[in-house]
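**Q** generate a structure from the sequence data that follows.
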Amino acid sequence: MSKGKQRVFAAEFRIEVARRMLDGESATKLRDELGIKRSVLYRWRDYYRKEGAAGLSRPIGRPPGVPNPEAAKPGLSEEEALRRQIAELERKIGQQAVQLDFFKRAFKRVKESSQPNGNTGATASTRRSGQ
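**A** Prediction:
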């Protein structure tokens, strides 16, 4: 299944699927039949167990009364938001510089280890000549 627009299922459909799972049908069989992730099927089953049909009948999205995390920062001026964004970008640049340095050193080591060392490739003798 491709990542795109989120599919929305009717409450009746979700309730029926949850009932089928509680009646013993496997999540794998339902996944194959319906094309819905097993994690979603288990979530529906758990909501149905906990709250009944009402657990699967609530609207999609953030529950009422739960604030948006970004909007929950009162008094955040535009200037302060821009400063935070700059700080985050600077952290990312720093992380990339560390990674770049690591890969440069690793590449240098690989390059040095693959260069011929000037020997003919023969095994050196441990005996001195003439003995």
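
**Q** distance of residue 110 from residue 76?
**A** 47 Å (Cβ to Cβ, to the nearest Å). C-beta coordinates here come from the backbone N, C-alpha and C atoms, glycine included.

**Q** residue 59: which element?
**A** Taking DSSP states H and E as the definition, residue 59 sits outside all helices and strands.

**Q** next, count neighbours for it.
**A** Residue 59 has 8 neighbouring residues, counting by other Cβ atoms under 10 Å.

**Q** for it, give me the pLDDT.
**A** Residue 59 carries a pLDDT value of 71.

**Q** same question, residue 13
**A** Residue-level pLDDT assigned to residue 13 equals 93.

**Q** what packs against the lowest-mean-pLDDT helix or strand in the chain?
**A** When each helix and strand of the chain is scored by mean pLDDT, DSSP states H and E, helix 53-57 comes last, with a mean of 85. When contacts are defined as 3 or more Cβ pairs under 8 Å, 6 or more residues apart in numbering; DSSP states H and E, helix 53-57 packs onto helix 11-22, helix 38-51.

**Q** now tell me what touches that helix from outside.
**A** Contact with helix 53-57 is made by 11, 14-15, 18, 44, 47-48, as judged by Cβ atoms under 8 Å, 6 or more residues apart in numbering.
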